[in-house]
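1. Below: sequence and its predicted model.
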Protein chains: 4
Amino acid sequence: MDIEFPFSELPAVLRGPRLERRRVLLGGSAFWGTMVEDGPQAGRLRLDDGRTIDADTATYLPPVSPSKIIAVHISYRSRSMETRNTPKPSVTPTYFTKPPSALNGHGGQILKPADCCYLNYEGEYAVVVGRTCRNVTPDEAWDHIEGFCPALDMGLQDFRDTDQGSMLRVKGADTLLPIGPGIVRGVNVFEQTLRTYVDGLVVQEAHVGDETIWGPHYVIADLARHLTLVPGDTILMGTPCHSRSVDAGQLVECEITGIGRIGGTVVAIDAPRAAALGVGHAPTDSPEVRRVALGFDERVPQRLRDNLAQAFARRRAERS
Amino acid sequence: MDIEFPFSELPAVLRGPRLERRRVLLGGSAFWGTMVEDGPQAGRLRLDDGRTIDADTATYLPPVSPSKIIAVHISYRSRSMETRNTPKPSVTPTYFTKPPSALNGHGGQILKPADCCYLNYEGEYAVVVGRTCRNVTPDEAWDHIEGFCPALDMGLQDFRDTDQGSMLRVKGADTLLPIGPGIVRGVNVFEQTLRTYVDGLVVQEAHVGDETIWGPHYVIADLARHLTLVPGDTILMGTPCHSRSVDAGQLVECEITGIGRIGGTVVAIDAPRAAALGVGHAPTDSPEVRRVALGFDERVPQRLRDNLAQAFARRRAERS
Amino acid sequence: MDIEFPFSELPAVLRGPRLERRRVLLGGSAFWGTMVEDGPQAGRLRLDDGRTIDADTATYLPPVSPSKIIAVHISYRSRSMETRNTPKPSVTPTYFTKPPSALNGHGGQILKPADCCYLNYEGEYAVVVGRTCRNVTPDEAWDHIEGFCPALDMGLQDFRDTDQGSMLRVKGADTLLPIGPGIVRGVNVFEQTLRTYVDGLVVQEAHVGDETIWGPHYVIADLARHLTLVPGDTILMGTPCHSRSVDAGQLVECEITGIGRIGGTVVAIDAPRAAALGVGHAPTDSPEVRRVALGFDERVPQRLRDNLAQAFARRRAERS
Amino acid sequence: MDIEFPFSELPAVLRGPRLERRRVLLGGSAFWGTMVEDGPQAGRLRLDDGRTIDADTATYLPPVSPSKIIAVHISYRSRSMETRNTPKPSVTPTYFTKPPSALNGHGGQILKPADCCYLNYEGEYAVVVGRTCRNVTPDEAWDHIEGFCPALDMGLQDFRDTDQGSMLRVKGADTLLPIGPGIVRGVNVFEQTLRTYVDGLVVQEAHVGDETIWGPHYVIADLARHLTLVPGDTILMGTPCHSRSVDAGQLVECEITGIGRIGGTVVAIDAPRAAALGVGHAPTDSPEVRRVALGFDERVPQRLRDNLAQAFARRRAERS
């Protein structure tokens, strides 16, 4: 990364002890809880009201309520190599946004409209702002981080041709941001490995510290040059190579070791009613759409490509 | 009611067509939908994204996000008769508040701490504010109502002795406000009947138009003398006679005919940890607590009392 | 206080360095800033965007955005002595609530409707919750405190007779909670002195550590037995003796040494329109209203009574 | 426009009577009010609490609290002609977003950092969503509109070269969205004229009905194909030709006849501290930046260009 690492002293949010907070819906009421780290209850979720529940079968809500969601376009060397054929896409990071209405929780449905073909996964880690933040340096930025979450920055690449780069339609549709299950502090995110899975097979893989170009402290300092970040604001930190399209029925997951694993299932829905009236940009299957949706296989490790092929083969076999 | 009724023309929120909006969690993402009123899909929930789902098995979120929740103490003649031995408790309504953290959805868990005995139900209808509102007359108030919801104003009467009447502990604890499943407009609430059920047996019953002392327009005009109501603010309209205590495992429901039926199950939790340190007012079993928790049976219709006794008898039989 | 003090080690929120955050409106946009503690700019407000402005002439917004506001009824020995003739009003604290619509900023207008006589000041310090909090012990509570603010818990005692103790009308009307100008951490609130001023003359005075019965850690642990506190939630910590009524035109201030000084001016407004229609409880001048509004002078230090008398004498002189 | 107009019956939000709601800060407290339309008080603001104040000297807050802000790239023929040399830029509209932290009120400061040269105005009208909205047709969209506001979609074009079209830095910085002073319904926005002023001289002008390519109903139906719009969400409807850069000290205003006039003053601030550390994309003065910032004068009416030149000449004269 451009900002040297490791630090003389690790920032508190990267140092232990580990603390993971999750928010679940039990019946119709939302409850916060803390993951039990040690002892016979380890791996279960202790609700703040004293109950301990099975974390695997809980119904999760997103652990964040951001006023804004900002995403780095490219922050992994392998992604830059794949899409730009260079290990660093630009001198400085660039950003786009996703609206809060795109939030989705662990175990959620990721919607794919009937008139779309290219719903791409992008496994990422997210940074959650803990304190109001404007005009800070990268060093100061650490104190403004609440924690980290696994996330999936899903995109409907059928709309790649429109919106002149803002990607509002590509990345901003409802359900396209699964995040959680928890928000975690006390883990050194730079020492972790990101893995995206389709139906349980690894299709993206990157060591965060080795592969990412800009750290969260740099990104927060960069954004805070321009705007005020407030508690809950969420920043998606980019994806490594091999973002590809998935089909209805497939399970997509992103794991950040030490932090957690978010998953969601692709679910088909009808095309919107206004589409039949000819309102707005229709999904297209243009060369530009295909370029992004299908990617550049030759620059992706064979193992990841094989796994994705295997996932699709299995699904076809199941269907026939 | 004090304000004459019926009106020369019914306010729009009381006139058809009926519109019921519900918010569900599918996977980890919240979706709004409209109940299908007619045709082969009647009784199902049509999500805004075009899908139609089974309304009976959905996971519900509260359909409101209020900045404040205000409740009328007594607004039903039968409740006033029971507790005050007069059909009208005072010349004007009085109010208390519940914090937003008490919100619960349909099908939720209603928590009963181990050190408490008296968790009382109160079936009510709620009024949801649709437009910012201050200093209005009762006539003007109608235009500021978004719709109506069934609600349960649950109370832990063990804390009746403290808080000098604010009832923050009695009525404000987490989960003590199940509300929903939908928010409904286009139904004349005055022509409806409220019924509360314990394990399916009717334990409260009142005709809204015949029994309530003050209508929602009056209450909004009264509150708006003092404070600004904003969209989403929710007002609980009081309960009829026979609020009584329920036990862990019991299903409590409130139905407002034409509007809907909200339900929740009582769930036992441990006493809070600070209680063991002697922090704060301990739950008590004083005469005042019992007076409110147990009520005045002689002023309640025999049928409602019999039903509640039967519900408890069944539960005892199941346990033994 | 009931929980021993001082601690073996001061909680971080009570230890230096001092940090005061304020939110101002410049033109039509809200900006956060930090008070400059040292050097030639000391006492000025450094906005996060780099500008330094005059803190005395700024336009302040409330520094908090609470989902709920909870107030302790009585937490000062002198107030307990005045109103109950005992140094401790009860074994444990009791609470009421104020709605968020009551929030007011430093330099604000405190509205007194034409049909009301008794608008009482109550100088207090407020505690702001920094982290989600449920079921904690007093020791753990410290880590969930963001900071402290001066506040004025104003009350229209003309409505004392109604609402059965919830005081929604007394304490919940618009503008009745001036708070700020800043939120402060790094100051030992127990070593500070609270002073309320009317037109610059001291009318309430209490040493926080010596006079208060329950500390903020105790109160948070008590409330968190029942409900979930979330970031921004604000708790008013009670007032010392000599809450009295003020008139339109008077300047009311509350200073907590080391933390700050909040002020607002009483402004007359018309009675609400619904009052002319006979809607709702009319303000009354009953013995109970007078008992609270006028207080018990014989239990109040002569100096404070003389100051208030002098403030009113000055005002009368100015008018004639 | 693509959707025929006029309608057989005007939607309610376009029909009278006119209703304008504004939110002001008086002292430190926010108040809503309604503009007086007729009689001796016409043009004054009647606060909901009954007071009538001078609307010209009030301190305004933004009249909206959106969860998301979406802007149409190009929706005026003259703007399309200027920048693309065609009266219609694309078959369908395209969008970008601004974060809520960019909101500014009437009379606000529009911040221009010391390292930036090209702060461009874009006068627009905004549409405010009044009801939750997903998957609607253009006809249905009308019922989901709360009203219209004048707005200035300010942009720091120095960052045009970065962010790959999302314009987060260009359009998303703090203070870059002055909006208000009111939100207006009951006015036919298609019959109005938009005018942007610099120091009182008209620099943009367009008849909304004649010049705009897509109406608000079309845009809402288009967006609601993809995402859920919720009450308060705000859509900026694009600007006509002659967006140009302004300097510190200049007053920028946008008037929509019949709806209102929003104004703000450009204020210089220091470059952010992280800029000195080399963090993030530096403002550039590239051909692409100049192309957008300076525009194409030959395609702009001479009168508008002369007015802008005159505004700058006056300012230079004042300075020297």
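-> Yep, it's here.
2. make it CA atoms for all contacts and neighbour counts henceforth
-> Noted.
3. Flag every residue of the stretch 1-150 of chain A that's near chain C.
-> Selection of the stretch 1-150 of chain A residues close to chain C by CA under 8 Å from any CA of the partner chain yields A:48-50, A:133-135.
4. tell me the pLDDT at A:E4?
-> The model reports A:E4 with a pLDDT of 51.
5. Please apply the same query to A:I53.
-> 97.
6. one step back: closest one to C:R18 out of the residues of the stretch 1-150 of chain A next to chain C, please.
-> Nearest to C:R18 among the residues of the stretch 1-150 of chain A next to chain C is A:C133, at 18.0 Å by CA to CA.
7. Report the backbone C-alpha coordinates of stretch A:225-240 in PDB.
-> The C-alpha coordinates for stretch A:225-240 follow below in PDB (Å, rounded to 0.1, in the frame of the first residue of the first chain):
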ATOM      1  CA  ARG A 225     -11.100  16.000   2.100                       C
ATOM      2  CA  HIS A 226     -14.500  16.600   0.400                       C
ATOM      3  CA  LEU A 227     -17.300  15.600   2.700                       C
ATOM      4  CA  THR A 228     -18.300  14.900   6.200                       C
ATOM      5  CA  LEU A 229     -18.500  11.200   7.200                       C
ATOM      6  CA  VAL A 230     -20.900  10.500  10.000                       C
ATOM      7  CA  PRO A 231     -21.300   7.400  12.300                       C
ATOM      8  CA  GLY A 232     -22.600   4.500  10.300                       C
ATOM      9  CA  ASP A 233     -21.400   5.600   7.000                       C
ATOM     10  CA  THR A 234     -20.000   2.600   5.200                       C
ATOM     11  CA  ILE A 235     -17.200   2.300   2.700                       C
ATOM     12  CA  LEU A 236     -16.700  -0.700   0.400                       C
ATOM     13  CA  MET A 237     -13.000  -1.300  -0.200                       C
ATOM     14  CA  GLY A 238     -13.000  -2.900  -3.700                       C
ATOM     15  CA  THR A 239     -12.800  -6.400  -5.000                       C
ATOM     16  CA  PRO A 240     -10.000  -8.600  -6.300                       C
END
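8. what is the rounded mean pLDDT of it?
-> 97.
9. next one: stretch A:60-69
-> For stretch A:60-69, the per-residue pLDDT averages 97.
10. beta partners of A:G264?
-> A:G108, A:V252 (DSSP bridges).
11. contacting residues around it?
-> If you count contacts by CA atoms under 8 Å, 6 or more residues apart in numbering or on different chains, A:G264 has them with A:106-110, A:178, A:251-253, B:27.
12. just A:G295 next, same as before
-> Neighbouring residues of A:G295 by CA under 8 Å, 6+ apart: A:82-83, A:242-244.
13. Of those, which is the most crowded?
-> Of all the contacts of A:G295, A:H242 has the most neighbours under the rule other CA atoms under 10 Å in any protein chain shown, reaching 29 neighbours.
14. okay, the contacts of A:G264 in CSV with pLDDT next?
-> Output for the contacts of A:G264, formatted as CSV (pLDDT from 0 to 100):
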residue, pLDDT
A:H106, 98
A:G107, 96
A:G108, 96
A:Q109, 97
A:I110, 97
A:P178, 98
A:L251, 98
A:V252, 98
A:E253, 98
B:G27, 86
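15. now, which of those residues sits nearest chain C?
-> Taking CA to the nearest CA as the measure, chain C lies nearest A:H106 of those, at 20.7 Å.
16. so how many other residues sit close to the closest one?
-> Quick note: A:H106 (other CA under 10 Å) scores 29 neighbours.
17. Can you pull up the residues of the stretch 201-320 of chain A that come close to chain D?
-> Applying CA under 8 Å from any CA, one finds that the stretch 201-320 of chain A approaches chain D through A:218, A:221-222, A:225-229, A:272-275, A:277, A:279-281.
18. out of the residues you listed, which are buried?
-> A:218, A:221-222, A:225-229, A:272-275, A:279-281 (16 or more other CA atoms under 10 Å in any protein chain shown).
19. list the contacts for the nearest residue in space to A:A102 that is not next to it in sequence?
-> For A:A102, ignoring the flanking residues on the chain, the nearest one in space by CA to CA, 6 or more residues apart in numbering or on different chains is A:D174 at 4.2 Å. For A:D174, the contacting residues are A:101-103, A:111, D:226-228, by CA under 8 Å, 6+ apart.
20. Out of those residues, flag the one nearest to chain B.
-> A:L103 (6.7 Å).
21. Just list the residues touching that closest one, thanks.
-> Counted by CA under 8 Å, 6+ apart, A:L103 has contacts A:62, A:174-179, B:29.
22. mind checking how far it is from chain C?
-> Going from A:L103 to chain C by CA to the nearest CA, to the nearest Å gives 20 Å.
23. Could you do A:V184 as well?
-> Distance of A:V184 to chain C, given as CA to the nearest CA: 14 Å.
24. Ok, A:I145 next?
-> 13 Å.
25. Could you measure from that residue over to D:V129?
-> 33 Å (CA to CA, to the nearest Å).
26. Ok, A:F159 next?
-> Distance of A:F159 to D:V129, computed by CA to CA: 24 Å.
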